[in-house]
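Peer 1: below are the sequence and a predicted model for it; my questions follow.
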Protein chains: 2
Amino acid sequence: MNPLYGAIEAGGTKFVCAVGTGPDDLRDEVRFPTTKPEETLKQALDYFRQAQKKHGRLTAIGIGSFGPVDLDPNSPTWGSVTATPKPHWSDTPVAPLFQKEFGVPIGFDTDVNGAVLGEHRWGAGQGLHTLIYLTIGTGIGGGVLNNGSLVHGLVHPESGHILLPRDPAVDPYKGSCPFHDNCLEGLAAGPSFEGRWGKKGSELPPDHPAWDLEAHYLALGLHSFLCSLSPQRIILGGGVMDQPQLFPLVRKNLLALNNNYIRHPSLTPEGIDAYVVPPGLGNRAGILGALALAEKAAGK
Amino acid sequence: MNPLYGAIEAGGTKFVCAVGTGPDDLRDEVRFPTTKPEETLKQALDYFRQAQKKHGRLTAIGIGSFGPVDLDPNSPTWGSVTATPKPHWSDTPVAPLFQKEFGVPIGFDTDVNGAVLGEHRWGAGQGLHTLIYLTIGTGIGGGVLNNGSLVHGLVHPESGHILLPRDPAVDPYKGSCPFHDNCLEGLAAGPSFEGRWGKKGSELPPDHPAWDLEAHYLALGLHSFLCSLSPQRIILGGGVMDQPQLFPLVRKNLLALNNNYIRHPSLTPEGIDAYVVPPGLGNRAGILGALALAEKAAGK
């Protein structure tokens, strides 16, 4: 019997559900807003019940979820969204619900760990073993693959919350994060544009100084990830990265920060374009990441 | 036949060589200064030739080396010290020399990756799978274990060179690193004490403000590693950490920086003492780390 996977991109704003086996076989995608768990999860359960009638039995389901989440397989609350600021969703057991309903293996991870796995499987990380996928949108999150395995560790990476140098004479804005002044997310995620410039990023022209500052902070973050994780490639997704002027600026700033300290062909003007890249799967990185989590859970 | 391992802690200042099988069986340790490669490596080769006569055939040799080093098994220069600022040592093939002479598997890695592996095997990281070992001495280096495997990635982690926030009103000193202002190593390694205070750390009393500042910078670094690597435990070694007042200050600062963002029992006043810890192997972390690299190379 051919495998068939279910995939859920469980975002804080919207859920995307699909069934299929890969980028060239993604069927029946649906999306609906994330409201209360009982409503949203019921919609997802109903979708997969119908999808099974139409396409046959699911082999496994992958869920890439907003967080924080419990990824410890030995924990009684494995598969839950834990203490999230999102109303109604704290301590919601997501994965166990699908496991109980469908009786199949469930691959449950952060949305960004799903995305880095999907990029490794079908996208910009193919053939490599150590990668970071960063999404720069409403927040900043990082999924990390090391030696081919997803990084969980103590909880899971919270890459957006590393702290950065900031020169108050250049930028008096301390950031939008309620937990930390000067963290990457606070200084460079979407809301920082409104906090600093009074406008959304999408409303600013490409030659606005906002983009130089944004590239500066992103490069400071990438430099830290380069030093701490030693990724073979850095994949940058999320709405903020849709600005085409950003990639060249980020790459230039990262090279300047490295200052020829770490020597590698990827960290040269010739190599950097292939080192800091957009997702190979584009805006399907999330849902295909969830599909990759399902495939992994099925042991393929 | 019982296994017998050779171990080399190849430091920029001194080499330590030993044979044995573990912490309770470490024989014949010798140490000599690191001078020119032809002299120092000959001393090491001679030591193991003699050791084999006395103790029997070696099963494998582990080398934990100062860096940067080439860890790519597919590279023609695997096992070399590469572009190092240390005079005479750039592009020195270390591991291949021992492989050729003794015809046994060679475990070659950074000194700090060796140390984290040794701590995992016999020290403060037993039973865990995701760890960082930081040495705070003349420089700052980090060894990282993730899901039980050592992190190499693009080159290898250069944890000391992450960039930190610094308030010039509190600390006008930009750091001692010739490559980066405001990096962890530049702001917090041994030489920063002389640069900032005009005295060595060991000459300053325990209530000197230097220690609060040191703990502040170390905690900023640990916060970044917590967010990017999600280690289950952080092990701090190196000469600077011999100051007993530092551990409590670092732990307190790290909890304040996390500000209850990442929720985990280890990140509470009750849990933090077991989260940020000294090496279980004490000042033998380096040589036992090299022994662990040998054991791993032998496939045990």
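Peer 2: Right, received. Where do you want to start?
Peer 1: residues from the stretch 201-300 of chain A in reach of chain B?
Peer 2: Residues of the stretch 201-300 of chain A lying close to chain B (Cβ under 8 Å from any Cβ of the partner chain) are A:220, A:223-232, A:257, A:259-264, A:266. For the C-beta atoms, the positions are set from N, CA and C on the backbone; glycine is no exception.
Peer 1: let me know the secondary structure of A:Ile8.
Peer 2: strand (DSSP: H, G, I helix; E, B strand; the rest coil).
Peer 1: look up the residues forming beta bridges with it.
Peer 2: A:Cys17, A:Ile63 (DSSP bridges).
Peer 1: so where's chain A uncertain?
Peer 2: Chain A contains residues with pLDDT under 70 at A:1.
Peer 1: could I get the full set of helices for it?
Peer 2: Ranges of helices in chain A, per DSSP state H, are A:37-55, A:95-102, A:111-122, A:184-188, A:190-197, A:209-229, A:246-258, A:285-297.
Peer 1: quick one: closest of those helices to B:Leu187.
Peer 2: Closest of these to B:Leu187 is helix A:209-229, at 13.9 Å (criterion: Cβ to Cβ).
Peer 1: in that closest one, what's buried?
Peer 2: A:210-211, A:213-229 (16 or more other Cβ atoms under 10 Å in any protein chain shown).
Peer 1: so how far is that helix off the chain centroid?
Peer 2: 17 Å (Cα atoms, centre = their mean, to the nearest Å).
Peer 1: just list what it packs against, helices and strands only.
Peer 2: strand A:131-136, strand A:140-146, helix A:184-188, helix A:190-197, strand A:233-237, helix A:246-258, strand B:140-146, helix B:209-229 (3 or more Cβ pairs under 8 Å, 6 or more residues apart in numbering or on different chains; DSSP states H and E).
Peer 1: let me know which of those is the nearest to B:Glu39.
Peer 2: Across the helices and strands packed on helix A:209-229, closest to B:Glu39 is strand B:140-146 (Cβ to Cβ), at 24.5 Å.
Peer 1: kindly calculate the angle that that closest one makes with strand B:131-136.
Peer 2: 170 degrees (axes from the mean of the first three to the mean of the last three Cα atoms, to 10 degrees).
Peer 1: what does the stretch 51-200 of chain A have sitting close to chain B?
Peer 2: A:68, A:82-83, A:129-130, A:142, A:144, A:146-147, A:149, A:151-166, A:179-180, A:182.
Peer 1: and of the helices of chain A, who's closest to B:Arg31?
Peer 2: That would be helix A:209-229 among the helices of chain A, by Cβ to Cβ, at 29.9 Å.
Peer 1: could you check the angle helix A:190-197 makes with that closest one?
Peer 2: Going by the same axes, to 10 degrees, helix A:209-229 makes 130 degrees with helix A:190-197.
Peer 1: what angle separates helix A:209-229 from strand A:233-237?
Peer 2: Going by the same axes, to 10 degrees, helix A:209-229 makes 140 degrees with strand A:233-237.
Peer 1: that older thread, can I get the helices of chain A in a markdown table including distance to B:Ile272?
Peer 2: Below are the helices of chain A laid out as a markdown table (distance: least, Cβ to Cβ, whole Å):
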| stretch | distance to B:Ile272 |
| --- | --- |
| helix A:37-55 | 32 |
| helix A:95-102 | 30 |
| helix A:111-122 | 26 |
| helix A:184-188 | 24 |
| helix A:190-197 | 30 |
| helix A:209-229 | 20 |
| helix A:246-258 | 31 |
| helix A:285-297 | 32 |
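Peer 1: for those helices, which one sits closest to B:Lys53?
Peer 2: Per Cβ to Cβ, nearest to B:Lys53 of the helices of chain A: helix A:209-229, 43.6 Å.
Peer 1: CA atoms of the closest one as PDB?
Peer 2: Output of helix A:209-229 as PDB, limited to C-alpha atoms (Å, rounded to 0.1, in the frame of the first residue of the first chain):
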ATOM      1  CA  PRO A 209      16.700  53.500   6.100                       C
ATOM      2  CA  ALA A 210      14.500  50.900   7.900                       C
ATOM      3  CA  TRP A 211      15.900  48.200   5.600                       C
ATOM      4  CA  ASP A 212      19.500  48.900   6.300                       C
ATOM      5  CA  LEU A 213      18.700  48.700  10.000                       C
ATOM      6  CA  GLU A 214      16.700  45.600   9.600                       C
ATOM      7  CA  ALA A 215      19.500  43.900   7.600                       C
ATOM      8  CA  HIS A 216      22.000  45.000  10.300                       C
ATOM      9  CA  TYR A 217      20.000  43.300  13.100                       C
ATOM     10  CA  LEU A 218      19.300  40.200  11.100                       C
ATOM     11  CA  ALA A 219      23.000  39.900  10.300                       C
ATOM     12  CA  LEU A 220      23.800  40.300  14.000                       C
ATOM     13  CA  GLY A 221      21.500  37.400  14.700                       C
ATOM     14  CA  LEU A 222      22.900  35.300  11.800                       C
ATOM     15  CA  HIS A 223      26.400  35.900  13.100                       C
ATOM     16  CA  SER A 224      25.400  34.500  16.500                       C
ATOM     17  CA  PHE A 225      23.800  31.400  14.900                       C
ATOM     18  CA  LEU A 226      26.900  31.000  12.700                       C
ATOM     19  CA  CYS A 227      29.100  31.000  15.700                       C
ATOM     20  CA  SER A 228      26.900  28.900  18.000                       C
ATOM     21  CA  LEU A 229      25.400  26.400  15.500                       C
END
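Peer 1: check contacts around the residue nearest the centre of chain A.
Peer 2: When Cα atoms, centre = their mean is applied to chain A, the residue found nearest the centroid is A:Val112 (2.6 Å). Counting by Cβ atoms under 8 Å, 6 or more residues apart in numbering or on different chains, A:Val112 touches A:64, A:133-135, A:141-143, A:159.
Peer 1: and the gap between A:Arg121 and A:Gly22?
Peer 2: Distance of A:Arg121 to A:Gly22, given as Cβ to Cβ, to the nearest Å: 8 Å.
Peer 1: okay, and the common contacts of those two?
Peer 2: A:Leu288.
Peer 1: the more surrounded of those two?
Peer 2: A:Arg121 (19 against 14; other Cβ atoms under 10 Å in any protein chain shown).
Peer 1: run through who's touching stretch A:195-202.
Peer 2: With contacts defined as Cβ under 8 Å, 6+ apart, stretch A:195-202 is touched by A:171, A:173, A:175-176, A:190, A:193-194, A:204, A:208, A:210, A:213-214, A:239-240, A:243.
Peer 1: what of stretch A:162-171?
Peer 2: Contacts of stretch A:162-171 (Cβ under 8 Å, 6+ apart): A:174, A:180, A:182-184, A:187, A:196, A:213, A:217, A:220-221, A:224, B:162-166, B:182, B:220, B:223-224, B:227-228, B:257.
Peer 1: burial count for A:Leu293?
Peer 2: 32.
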